[in-house]
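Undergrad: Let me see the structure of the following:
(chains A and B, ligands or ions: 2)
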Amino acid sequence: MTATDTALTSTDATAEFGRISLRQLVKQFDSREGATLAVDHIDLDTEAGEFVTLLGPSGCGKTTTLRMVAGFETPTSGQITLDGDDMTRLTPDKRPMSMVFQSYALFPHMSVADNVAYGLKLKKLPRAEIAEQVEAALTSMDLVRFVNRAPSQLSGGQQQRVALARAMVMRPKVLLFDEPLSNLDAKLRVQMRTEIRSLQQRLGITALYVTHDQDEAMSLSDRIVVMNHGRIEQIGTPEDIYRHPATVFVADFIGSANFLECTLQSASDGNAIVEVLGGERTIPAAPGVAAASGHVVLVRPESVKVSRLVQAPAGAETVEGNHGRVLRSVFYGEHVEYEVDTAAGPIVAIDSDPDPSDILAVGDVVEVDFPRSRGWVLPAE
Amino acid sequence: MSAGTVPAVIEPSAATLPTPAKRRRTSGRAGVDVSTVVVVSVVVLLLGLMIVYPLGMIFAQAFSQSGWEVVTSMFTSAVNRGIVANTLVLGTVVGALGTLLGFVLAYIQVMVDFRGKKIFHLICLLPVVSPPFAVATAIITLLGRRGIITYGIFGAQTNIYGLPGLTLVLVLSFFPVAYMTFKGMLENLDPALEEASENLGGSKWQTFWKVIIPMLVPGFAASFLLLFVEAIADLANPLVIGGDFTVLASRAFIAITGEYDTAAGSAYSLILLLPAVLVFVIQQYWVSRKSTISVTGKPAGQRRLLTNPSGRVPLLVFAGLVGLVIVGIYATVLIGAFVKILGVNNEFTLDNFRYVLSGIGNEAIIDTTVLALIATPIAGLLGMVIAWLVVRRLRHGSAWLDFLGMLGLAVPGTVVGIGYAIAFNQPLIIGNRMFLPALGGGAAILGGAAAIVMVYTIRSLPSGQRAGIAALRQIDPSIDEASASLGATGVTTFRTITLPLIRPAFLSGLIYAFARSMTTLSPIIFITTPETRIMTKQILAEVDAGRFGNAFAFCTLLLAIVVTVMGLLSLIVRGNPAGRNSVGAAQ
Ligand SMILES: Nc1ncnc2c1ncn2[C@@H]1O[C@H](COP(=O)(O)OP(=O)(O)OP(=O)(O)O)[C@@H](O)[C@H]1O
Ligand SMILES: [Mg+2]
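TA: Ligands and ions are numbered 1, 2, ... in the order given. The predicted model follows:
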């Protein structure tokens, strides 16, 4: 971004609008083959100016949820409010929200300037004001060179900026995104998400963003909503979701995860005493583990420490207690990844920047450990 | 992915505090846009008036006592059984031969290597824009009892009237429908399929039978059914060249115009209507869904054309012969317009044109052109609106609206005409109040022009609707949604986004609509008035009176008008690239 983006540097960045609430939102699609419950009783509240991402596997209902908020789908039941006003039955054009589409959806018969001016013209703003705002929006998105071009004469990234400018210039209370970056190449995607984030923060507009790319979700969001089968599995900050997932599904979906078999001895105050890797340990635990019947300990690969046993205990089983044997060792350059067979199941470990002499080989007998604070006890599925 | 790449950008966020929701109900039903409701109501009302109501009148008459007697006599009376059989035979023969001819010509056009593809294509399309009678009268002149070819060259006194002549004329008139269907399908057939077959050891011949033909089966079914409907619905040709071979359409015509028996006319119409609509429904909603080839994409890959002489030579000879016949027919029309009596007295004269351009003929040309020009944009716009409602706006009932719009094509023109005569030749009076003045017939307001415009509209609406639906299906729906998301109502979106994007389809729909209006006869014949003269009806009068020279002159003028207007319209299409108007903003 340059210093020229005057109009889009909003003064009401702290404005108190854009609080979306979804209450028991349901969407069922009926077709000849039967009914699909695409969205299943969802509750969600956003803060004003918050960036919330819907994340989940394909078909989990992210797009459907977003389209209900936008007004393109009618909820089967439930309620959508914006700053306390019921939106549920409003048509899309009456909702103070703008959407950015995966396919950009630029009007192919209009120039870049006309595309951006479209919504303002519908608002019947004076010509001069439209011109001014369009100019400012195009300047801030670095698009001034392209004002008179047709969308088909732009690259994918440029088209996406036009789509963004067209949505932003409306000063909506909420910006909606449905996988806006998925048609761009990897590098551009990283660049665009930084732009989206800084623009959104500067304008203080609430954003609801759909993606199935977890890097995108992590880097953009204030909070992430993890969905599965039309339901919300967890809502939390990226750190929360990563370190303290509520379910095995979330832990598995975000990043990579080791789930160690364990036996729960007792649980209290957010900690649990479990027997794992041949020893008793006190480990932070998810709420409600005490009530669950089976348990696992989540340890992220980068938290696992493996060290070569100089002296393998003679005669003893090598895969026992906290001992294991290396099954796989892959050198990736910036890190080495191991898979170790242990009594608690196979464990993946990542050693970043290891000393060349410390790199383990397949068949090595190792000791496996992890810092207490990096473990997380979860109810098994 | 590996866990190590999760970025460290983690920002603190406020705790999740559910905001107390002030409840404020907004009115309006779920997701329904008021402007859309208004548009749907208007469209349904118009379609109701223009097609549903006249059809309803036919049903009412056919199910009246005297009407029902005629309906049952279709099974009891030998004469009527014969008429029904004639109709079905004609439909079947024309459907089969027309499909075959269309397929062979399309195959040659797409698959065989030869020069002059463009001109051959135009020749194949010529019959589409030709007035009724043009082919029939030319065939009579060439092959009739005193035909230039049959009598003049071979000295034979052939009888061309009846099923053989009718078949010849109808096949030549309607095969372009099949030709276009197959041409589209063949062009979209991925050449890689043929190459794959040959690569697996199939010869050209085996590939043709085992790969190409099976993929075209839906095309065969579709064009057979379409031609069947066209053939049984046709009225002009059975009148001119049918002889004693009476079909339902001509029988209904005699009942109305000769016997003044609307009940009987309605009964014949009903019997004609049922197979026509049935076949149409099968074609539109069943056969076309089975298609394995989409006819809308861009041609895929480069095709290797057939160059092997053993296949190429016979095919090209055949194509040349067909081309010669078509050109010969139109040459006959053209020359016939400029000579005294073609084949008898070949002296050059402008008398035919002098006659046609004076008095009644002149009026007819002006009236027809003006009314067609009025109806064309109405039909085009209505077709686009229906297409838009069907593809984009309606969740429920879109199939019904689509069907209603297509009725103008599905219902034979004769039936439409008789329905109009019954419905609109008297004022509509319920109780003591007149709801609608007479729109057609002798006492009609505006000299019957309103009914004719309505007929033109309802008959040419389907082509626009089809073109519009095809075009809309190609436009990403999120473009509409983007417009709504920026604050546009449904109608604004249609006006500012949809219509400009489908303009090429819109204009080609208009071109076809105009050609169709100018050349339509069967519905018009029942509702013309002395004040409003229509060319096609005048041509019929000239043919009836045996003044072929005048008929040829009329046909030539009609063709000239149609071609001129089509040319003008396509100039507009080309000379108007999208994306010109831009705001003065940020420049
Ligand atoms: N119009 C529709 N009719 C019937 N079922 C639908 C319709 N739209 C979505 N669905 C179904 O609803 C479920 C949720 O779809 P949705 O598009 O919301 O998934 P998503 O989370 O956005 O997936 P993706 O990441 O692949 O985009 C899916 O099972 C889908 O098949
Ligand atoms: Mg989606």
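
Undergrad: Tell me how the chain divides into domains.
TA: Chain wasn't specified; assuming chain A. A:3-96+A:172-243, A:257-379 (automatic domain parsing).

Undergrad: could you do chain B instead?
TA: Taken from automatic domain parsing, chain B resolves into B:18-57+B:350-587, B:63-291+B:307-336.

Undergrad: Pairing partners for residue A:295 in the sheet, please.
TA: Beta bridges link residue A:295 to residue A:379 when assigned by DSSP bridges.

Undergrad: just residue B:436 next, same as before
TA: Counting by DSSP bridges, residue B:436 forms beta bridges with residue B:428.

Undergrad: give the contact list for it.
TA: Residues in contact with residue B:436 (C-beta atoms under 8 Å, 6 or more residues apart in numbering or on different chains) are B:424, B:427-428. For glycine as for every other residue, the C-beta is placed from the backbone atoms N, C-alpha and C.

Undergrad: Mark which of those are buried, thanks.
TA: Among the contacts of residue B:436, those buried by neighbour count (16 or more other C-beta atoms under 10 Å in any protein chain shown) are residue B:424.

Undergrad: what about the helices in the stretch 51-200 of chain B?
TA: For the stretch 51-200 of chain B, applying DSSP state H, counting those that start in this stretch gives helices covering B:53-62, B:65-76, B:78-111, B:117-129, B:134-143, B:163-188, B:191-199.

Undergrad: still on that earlier bit, with mean pLDDT added, can I get the domains of chain B in a markdown table?
TA: Below are the domains of chain B laid out as a markdown table (pLDDT from 0 to 100):
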| stretch | mean pLDDT |
| --- | --- |
| domain B:18-57+B:350-587 | 79 |
| domain B:63-291+B:307-336 | 84 |
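
Undergrad: For these, give me a markdown table that also has distance to residue A:114.
TA: Shown next, in a markdown table, are the domains of chain B (distance: least, C-beta to C-beta, whole Å):
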| stretch | distance to residue A:114 |
| --- | --- |
| domain B:18-57+B:350-587 | 5 |
| domain B:63-291+B:307-336 | 34 |
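
Undergrad: quick one, what contacts residue B:520?
TA: B:413, B:455-456, B:459, B:536.

Undergrad: Mark which of those are part of helices, please.
TA: Judged by DSSP state H, helices contain the following of the contacts of residue B:520: B:413, B:455-456, B:459, B:536.

Undergrad: Now flag whichever of these is closest to residue B:569.
TA: When the ones in helices among the contacts of residue B:520 are compared for distance to residue B:569 (C-beta to C-beta), residue B:456 wins out at 15.9 Å.

Undergrad: ranking the helices of the stretch 51-200 of chain B by burial, who's on top?
TA: Among the helices of the stretch 51-200 of chain B, ranked by average contacts under mean count of other C-beta atoms under 10 Å in any protein chain shown, first place goes to helix B:134-143 (a mean of 25).

Undergrad: before we move on, the earlier item: most neighbours, which of the contacts of residue B:520?
TA: Each of these was scored for neighbours by other C-beta atoms under 10 Å in any protein chain shown, and residue B:455 scores highest at 31 neighbours.

Undergrad: Most proximal residue of chain B with respect to ligand 1?
TA: Closest residue of chain B to ligand 1, C-beta to the nearest ligand atom: residue B:395 (9.6 Å).

Undergrad: Let's verify that residue: helix, strand, or coil?
TA: coil (DSSP: H, G, I helix; E, B strand; the rest coil).

Undergrad: number of nearby residues for it?
TA: Counted with other C-beta under 10 Å, the neighbours of residue B:395 add up to 8.

Undergrad: For it, give me the backbone phi and psi.
TA: Main-chain dihedrals, residue B:395, degrees, to the nearest 10: phi -90, psi -50.

Undergrad: gap between it and chain A?
TA: Remark: distance between residue B:395 and chain A (C-beta to the nearest C-beta, to the nearest Å) = 9 Å.

Undergrad: Likewise for residue B:283?
TA: 22 Å.

Undergrad: Make sure that residue is indeed in a helix.
TA: Yes. Residue B:283 sits within a helix when classified using three-state DSSP.

Undergrad: Go ahead and report the secondary structure state at the closest residue to it other than its chain neighbours.
TA: Nearest residue to residue B:283 in three dimensions, chain neighbours excluded: residue B:225, at 4.0 Å (C-beta to C-beta, 6 or more residues apart in numbering or on different chains). State at residue B:225, reduced to three classes by three-state DSSP: helix.

Undergrad: likewise residue A:310?
TA: coil.

Undergrad: How confident was the prediction at it?
TA: pLDDT for residue A:310: 70.

Undergrad: That one: how many residues sit nearby?
TA: Residue A:310 - counted by other C-beta under 10 Å - has 6 other residues nearby.

Undergrad: and the gap between it and residue A:366?
TA: 11 Å (C-beta to C-beta, to the nearest Å).

Undergrad: got it, and residue B:171?
TA: Relative to residue A:366, and taking C-beta to C-beta, residue B:171 is found at 85 Å.

Undergrad: What of residue B:321?
TA: Taking C-beta to C-beta, one finds residue B:321 at 87 Å from residue A:366.

Undergrad: Return the residues in contact with the residue nearest to residue B:283.
TA: B:95, B:279-280, B:282-283, B:287.

Undergrad: Now the buried members of these.
TA: Going by neighbour count (16+ other C-beta under 10 Å), the contacts of residue B:225 have B:95, B:279-280, B:283, B:287 buried.

Undergrad: I'd like the distance between the nearest residue to residue B:235 once chain neighbours are set aside and chain A.
TA: Nearest non-adjacent residue to residue B:235, counting by C-beta to C-beta, 6+ apart: residue B:522, 3.9 Å away. The gap separating residue B:522 from chain A is 39 Å, by C-beta to the nearest C-beta.

Undergrad: looking at it, residue B:522 is touching residue B:417, isn't it?
TA: Yes. Between residue B:522 and residue B:417 there is a contact at 5.9 Å, judged by C-beta atoms under 8 Å.

Undergrad: And the two? Which one has more around it.
TA: Neighbour totals were compared for residue B:522 and residue B:417, and residue B:417 leads with 30 against 25 (other C-beta under 10 Å).
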